[in-house]
Structure formats: structure tokens, C-alpha cells
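J.: fold the stuff below for me.
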Amino acid sequence: MGAEAAMIQTAVLLVPFPAQGHVTPMLHLARALAAHGAAATVAVPDFIHRRIAGIVEGGDGVELASIPSGITEGSGAGNDETPGFGAIAQAMEHHMPAHLERMLTRRRPAVACVVVDVLASWAIPVAARCGVPATGFWPAMLASYRVVAAIPELMEKGLISESGTPISPSNQSDNEQIIQDQMIRGLKILPAQVELRTKELPWLVGDSVTQKSRFAFWLQTLHRARSFRAVLVNSFPDEAGEDVGHLSKQSPRILPVGPALLPGLGSSAERTKGSTDAVASPQPCSNKNPSMWRADSSCIGWLDAQRAGSVVYVSFGSWVGPIGPDKIRELALGLEATGRPFLWALKRDPSWRAGLPDGFAERIAAAGRGKVVDWAPQEDVLRHRAVGCYLTHCGWNSTLEAVQHGVRLLCYPVSGDQFINCAYITGLWEIGLKLGSMSRDDVKDRIARIMEGDDGRRLQENVRLLREKVVTTEARRSADRNVRSFVDEIKKDQPLLMQIYSVL
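T.: Model (predicted):
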């Protein structure tokens, strides 16, 4: 049996949550696993498979599989829109499990481990029914995982209700209080420099009805996740300036793998001034980040014509909803008032572009001041020498990409874990500033601060130092050791799993 197991490549099936910010890091993780001898397959819903199958070609040892979702073309699967959270949750809980179970029981070689995005916890009971071990993957930073994992303790201590809303002490009526002393610092979940307000907890999304539904989703996720043998986290070991060696000894074990998932640096080694330690990843990573949206590559030619470090790049990601017409109008007028060139990725959708001043895109293009595109090839944009700062919603993938390419951040978080990310960016790492309001004056003033003067120089130096922590040889080796130990553990269990499958 041992010789037979050695001849069969260890098969790992990865199941992401079906959103761009989750699929991309899961594909990078699959490539890292494949580099250590695993046969990695990423199983995505059919509506995502149709969009990215032509980009993920399998040349890097990763296969893409399609799971029927039951989501029809009219639900947004056949155009530039994606299904809403409700439709996705329905598909994950009621349609996709049976198809995944058939995939696991029929696949050969037998699947040795299922790596499940924590938010795709529907796959955990499926793996259990099939007798396949499940490991978690958290595609965001370790800090946000810690906050979510603390939900049971927060409920037990009476700090949040059964619907996830904060419970203020009887002698305090301000629900906007900073909860660092009460909840975060007291429980030592986050560092003291990180401030988080009650409304910024990652599960508080939408109105009260939506929040209650989302919190029930999180409680179910945490219940299922208790069976994980380990959780691979898309973050770097020194994220909070602390020793995280003890995390590999807790249950489930926490293994930071972020630097091992970064694409090859390529020409960005020359992108960041003062960087002398830009080292290629120890495993072959594709430079392609498959996007569910068609990027307008004409913006790269436009960037080529701009001065180094002069451009403000603006994007609020692919999953967060529109910020509203009033804010869009103020942002547009604020960007124009800076007199600086800017590139704005803004979906060509009425709900996203509502509030944009009439003729704005044409006017700023004619003046050579800016360019508005539906979707930008973000990796190429952030590595471009012309980009000086990034006005962002603080999604974790966007944050990592900015750090990797040495770009300062102007932060406007909207929901979920973005507030935690912003708190680290502005408070602990000091690589960006927070945009307090979306008024044209605030936009103009903050961009001026971040692009010039003492603040600008300080932020640029800090992002250079943080970049070195993330992309240096040692950071990548440390993360790569965690990937390798995970694969080795799966291989060790494979002979027993083969015996189980031979009986099934």
C-alpha cells in the first residue's frame, strides 16, 4: 500500500466562496499546493467557471472544475453582474452540495483533503459525509479572522446580542463609542493601535433585517468550522508586529501563508523606490489574476503618458455595492478639483454611476486630467510607475496588491472586514490616510496630503518598509514552509484514506 500511495499524486479539492475576492486567492493557494506536489483542483460554481475557464488553463498544475449552482442567467450569471448574496447562499446550501458529493465520491485519484473557504462552509458537511478531511482557508487578514472567531466569546460576555448587534453598558448611550477598551483591547483580539467602532464589526452589513440574516450565516459558519484540522490564512506572519508561532499549536492550527500566494513580482521589482529585496516566489505562480469582468486595457497606455507617481487610482472593488449618487458626485468633483491626473474604475451600471456629473468622463478626458473605465486590470495598474496613490475600499486583496507594489493608500471602507483593514493601514502600519467624508473638499485635501509633503514622504517610506516584510525571501520562505508542512501532512494520511476509499 505504501508504494502504491507514493505513485499516486495527492489530490486536493479547493472550494472558494463565489466572489472575485475569494476565488483569486484560492487559485493562488492552489498553485502553491501544486508546487509542492499536490494535484490541485478548484471547484467553482458554473457561472464563475464560464467567466474564467479560458484564463485558468492548467499550465501551472491547477485544474478548474464546475459545480452546477442552479442560478439562472437572469440572476446575473450571464453578464457583468454577479448574483446577490441571497441567491448565492441558496445555491450553496440547497443545490451545490449534492453535486460536490458526487464529485468527491467519483473523482480519481481519490481526494485526500478538501480546502474550504471559511465562508463556503456548506462544503464541510459534504466532505464529512464522504470521509474526506477538511481544512479551512481564510482569504483575508488574520485580524479579521480573530474578530469573527471571537463571536462566541463576545456573546458569552454579553457584549453582543444573539443577532450580533453590540450591547452598550447601561451607563452609556452612545452606540458610536469606540469599543477598543470594552471589546477588543479587553479581550486582546487586536493591537492597542487598532480602533474599531461598534458599527464597523465585520458582520454588521446592511439594514437590521440583513444584519440578522448575515449574523445567522456567521454562527452557522463558526459551528461548522469547528471540525477544521487547520486554517490557512492569506496573511503574512508579522501582520501585527507580534510572534504568531503559537498559532500553529492551537486548535484549529492557524497557518499564515499569504506571502507564498503572491504572484511573481516581475517588473514591479523596479516599481518601488528604495526596495532592494524584491525576490521571486519560491514556487511558479502565474501572473494572471483571472477576473470575472472584462478589463479595459487602454488605461495602461494612458498611464504610460503620465509622470511617475502623479496618478490617483480609484476603485471600490467588485463585491461592494455602489456608494450612492451624492458621494459619487462629490468624489468626481473632488478628483477634478485636485488638478491631478486620475484613473477611476467605475462599473458602467446606473446604480454605480448615478450622481456622476453630466459629461464628466468626456470633460476630464478632453482636458487630459483623467480617465474613467468600467473595470481596470488592477495588478498592471498598481505596478505602473505613474500611480502615486490608491483610493480604495480597503478590500484585503486590494490592500495586499498595493503593499506588494509600494502604493500609498487613501481609505474609504464600506462594509465587512474593510474597516479592520483600514484600521491597520492607518493606525498600525501607517501606510495610508482615512477619508473621513466623501465631500469634494475632503477628497481634495486628503489627496494633497498623501501625494506630497511630509505626510506623503512618511507614508511612502512606511509602505516601502512593510513591503519588504511581505515580499522578502524570509517572509516567503516562512509562508512556504507552512504550505509544505500542510501538504506533507496530507501525504502522510493518504495511505489510510486510500484504504477507506477502497471500501466505499
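
J.: give me the distance from stretch 341-361 to the chain's centre.
T.: 24 Å (C-alpha atoms, centre = their mean, to the nearest Å).

J.: again but with stretch 418-425, I slipped
T.: Stretch 418-425 sits 13 Å away from the centroid of its parent chain (C-alpha atoms, centre = their mean).

J.: with only the CA atoms kept, save that stretch in PDB.
T.: What follows is stretch 418-425, C-alpha atoms only, in PDB (Å, rounded to 0.1, in the frame of the first residue of the first chain):
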ATOM      1  CA  GLN A 418     -12.700  46.600   5.300                       C
ATOM      2  CA  PHE A 419     -12.900  48.600   8.500                       C
ATOM      3  CA  ILE A 420     -10.400  46.300  10.200                       C
ATOM      4  CA  ASN A 421      -8.100  46.500   7.200                       C
ATOM      5  CA  CYS A 422      -8.400  50.300   7.200                       C
ATOM      6  CA  ALA A 423      -7.600  50.400  11.000                       C
ATOM      7  CA  TYR A 424      -4.300  48.500  10.300                       C
ATOM      8  CA  ILE A 425      -3.500  50.600   7.300                       C
END
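
J.: list the contacts of it.
T.: The contact list for stretch 418-425, computed with C-beta atoms under 8 Å, 6 or more residues apart in numbering, reads 140-141, 143-144, 147, 190, 194-197, 200, 202, 239-240, 320, 393-396, 399, 409, 411, 413, 431-432, 434. Glycine gets a C-beta too; all of them are placed from N, C-alpha and C.

J.: let's go with 6 Å and repeat that
T.: Residues outside stretch 418-425 that contact it (C-beta atoms under 6 Å, 6 or more residues apart in numbering) are 143-144, 194-196, 200, 393-394, 396, 399, 409, 411, 413, 431-432.

J.: which of the residues you listed are buried?
T.: By neighbour count, with 16 or more other C-beta atoms under 10 Å, the contacts of stretch 418-425 hold 143-144, 194-196, 200, 393-394, 396, 399, 409, 411, 413, 431-432 as buried.

J.: I'd assumed Ala30 was in contact with Val62.
T.: Yes - between Val62 and Ala30 there is a contact at 4.5 Å, judged by C-beta atoms under 6 Å.

J.: the more surrounded of those two?
T.: More crowded of Val62 and Ala30, by other C-beta atoms under 10 Å: Ala30, with 27 against 24.

J.: any common contacting residues for Val62 and Ala30?
T.: Ala40.

J.: which of the buried ones among the contacts of stretch 418-425 fall within strands?
T.: Taking DSSP state E, the ones among the buried ones among the contacts of stretch 418-425 that sit in strands are Leu409, Cys411, Gly432.

J.: now do the contacts for the closest residue to the first one other than its chain neighbours.
T.: To tie it back to what came earlier, the one meant is Leu409. Distances taken as C-beta to C-beta, 6 or more residues apart in numbering put Gly432 closest to Leu409, at 3.1 Å, once the chain neighbours are dropped. Counting by C-beta under 6 Å, 6+ apart, Gly432 makes contact with Arg408, Leu409, Cys411, Ile425, Thr426.

J.: domain-wise, how is the chain divided?
T.: By the assignment in automatic domain parsing, the chain contains the domains 2-145+207-261+472-503, 284-471.

J.: hmm, back to that, and the contacts of Gly432, which is closest to Leu222?
T.: When these are compared for distance to Leu222 (C-beta to C-beta), Ile425 wins out at 26.4 Å.

J.: phi, psi of that closest one?
T.: Main-chain torsions, Ile425, degrees, to the nearest 10: phi -60, psi -40.

J.: what's the burial count for it?
T.: For Ile425, the neighbour count with other C-beta under 10 Å is 29.

J.: got a pLDDT number for the residue nearest to it when sequence neighbours are not counted?
T.: Closest residue to Ile425 apart from its sequence neighbours, by C-beta to C-beta, 6+ apart: Gly432 at 4.5 Å. Model confidence at Gly432, given as pLDDT, is 97.

J.: and Gly432, how far is that from Leu400?
T.: Distance, Gly432 to Leu400, using C-beta to C-beta, to the nearest Å: 13 Å.

J.: so Glu401 is in contact with Asp380, correct?
T.: No - contact criterion C-beta under 6 Å: Glu401 and Asp380 do not qualify, at 10.5 Å.

J.: higher neighbour count, those two?
T.: Remark: of Glu401 and Asp380, Glu401 carries more neighbours, 23 against 18, as counted by other C-beta under 10 Å.

J.: circling back: from Pro202, how far out is the residue nearest to Ile425?
T.: 19 Å.

J.: for this protein, name the helix or strand with the lowest mean pLDDT.
T.: Sorted by mean pLDDT, DSSP states H and E, the helices and strands of the chain end with helix 2-7, the least confident at a mean of 46.

J.: okay, now the sheet partners of the helix or strand just after it, with direction.
T.: Using DSSP states H and E, the helix or strand that follows helix 2-7 in sequence is strand 10-15. Sheet pairing for strand 10-15, assigned by DSSP bridges, gives strand 38-45 (parallel), strand 111-117 (parallel).

J.: identify the residues contacting the longest one?
T.: Defining contact as C-beta under 6 Å, 6+ apart, one finds that strand 38-45 is touched by 9-15, 18, 26-27, 30, 33-34, 62-65, 67, 69, 487.

J.: tell me what the helix or strand following that strand is packed against?
T.: Using DSSP H and E, the next helix or strand after strand 38-45 towards the C-terminus is helix 46-52. Based on contacts counted as 3 or more C-beta pairs under 6 Å, 6 or more residues apart in numbering; DSSP states H and E, there is no element that helix 46-52 packs against.

J.: now do the buried residues in helix 46-52.
T.: Residues of helix 46-52 classed as buried: Asp46, Phe47, Ile48, His49, Arg51, Ile52 (neighbour count, 16+ other C-beta under 10 Å).

J.: farthest-separated two in those?
T.: Asp46 and Ile52 (11.5 Å).

J.: shaky segments in the stretch 201-350 of the chain?
T.: 240-251, 264-293, 318-321 (pLDDT under 70).

J.: for burial, what's the neighbour tally of Val12?
T.: Counted with other C-beta under 10 Å, the neighbours of Val12 add up to 24.
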